[in-house]
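Asks: model this:
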Amino acid sequence: MRLVDLSHTIIPGMPQWPGDGQPLDIIRHSVHGPSSHMSSALALGCHVGTHIDAPLHFRDGEPGIDALPLEAFWGRAVRLECGDPAEPGPLGSEVLDGVDLQGVDFVLFDTGWARFWGDGRYYREWPYLGEELAEILAAADLKGVGLDTPSLDPFAGHRAHDICAAAGLINLENLANLRSLPRAGFLLMALPLKLQGTEASPVRAIGVLETP
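Replies: I've put the predicted structure just below:
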């Protein structure tokens, strides 16, 4: 068995969604010394770095992070290469041509956009799910979808979020290292913090490969 880390490291001052009001910091309350030990605190938003959106994010009355069962956060996955990197804009339904989603829990879209992590262009514009593609995914009996981009939608949009939330799908955003995965035959696990009543949480997402 081999584990592949699919999460960006949370670093003070790292890029986050434009306009997020919560400053990001890792605060050291104490460090190692003759009469002390290291103690730290976090100041961050729920959508920072690699994170999960629950259906509650865009739909009132839907379940939040703590209301979802553990089974919602892991399952069989496929990786779809969409470009190197893909052009900013909507991904069309043709990316699913020849892909059998029977028995699949998660579809991960490898757009190559993660290469711009830390660059100013990362949060400027990006590849996202077109409406037709989102509708197909919502009807495919999945647990969720994931991208190596900031969002399922463009900056001011929410259509793909609405479609996926209505189908009970969770969304993984800002994934990393997707090219380290095969195209199929692996498990995805992305466990969030058990935050009461929240719509999102940072995660440590991993791919689990059966072969060494």
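Asks: Going along the chain, name the strands of this protein.
Replies: 2-5, 25-30, 39-43, 51-53, 74-81, 89-91, 106-110, 127-129, 144-147, 170-173, 186-192, 200-209 (DSSP state E).
Asks: now those strands as a markdown table including distance to residue 11 and mean neighbour count?
Replies: Every residue, glycine included, has its C-beta placed from N, CA and C. Below are the strands of the chain laid out as a markdown table (distance: least, CB to CB, whole Å; neighbours: other CB atoms under 10 Å):
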| stretch | distance to residue 11 | mean neighbour count |
| --- | --- | --- |
| strand 2-5 | 15 | 14 |
| strand 25-30 | 8 | 11 |
| strand 39-43 | 12 | 11 |
| strand 51-53 | 15 | 26 |
| strand 74-81 | 26 | 18 |
| strand 89-91 | 29 | 18 |
| strand 106-110 | 23 | 25 |
| strand 127-129 | 24 | 27 |
| strand 144-147 | 21 | 26 |
| strand 170-173 | 17 | 24 |
| strand 186-192 | 20 | 21 |
| strand 200-209 | 12 | 20 |
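Asks: Take the ones you listed and write them to JSON lines, including distance to residue 121.
Replies: Listed next are the strands of the chain as JSON lines, based on distance: least, CB to CB, whole Å:
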{"stretch": "strand 2-5", "distance to residue 121": "24"}
{"stretch": "strand 25-30", "distance to residue 121": "24"}
{"stretch": "strand 39-43", "distance to residue 121": "26"}
{"stretch": "strand 51-53", "distance to residue 121": "20"}
{"stretch": "strand 74-81", "distance to residue 121": "20"}
{"stretch": "strand 89-91", "distance to residue 121": "14"}
{"stretch": "strand 106-110", "distance to residue 121": "18"}
{"stretch": "strand 127-129", "distance to residue 121": "12"}
{"stretch": "strand 144-147", "distance to residue 121": "16"}
{"stretch": "strand 170-173", "distance to residue 121": "17"}
{"stretch": "strand 186-192", "distance to residue 121": "25"}
{"stretch": "strand 200-209", "distance to residue 121": "23"}
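Asks: Need those in CSV (columns: distance to residue 180 and mean pLDDT).
Replies: Formatted as CSV, the strands of the chain follow (distance: least, CB to CB, whole Å; pLDDT from 0 to 100):
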stretch, distance to residue 180, mean pLDDT
strand 2-5, 5, 97
strand 25-30, 26, 90
strand 39-43, 27, 92
strand 51-53, 20, 97
strand 74-81, 10, 98
strand 89-91, 21, 98
strand 106-110, 10, 98
strand 127-129, 19, 98
strand 144-147, 14, 98
strand 170-173, 16, 97
strand 186-192, 10, 98
strand 200-209, 7, 98
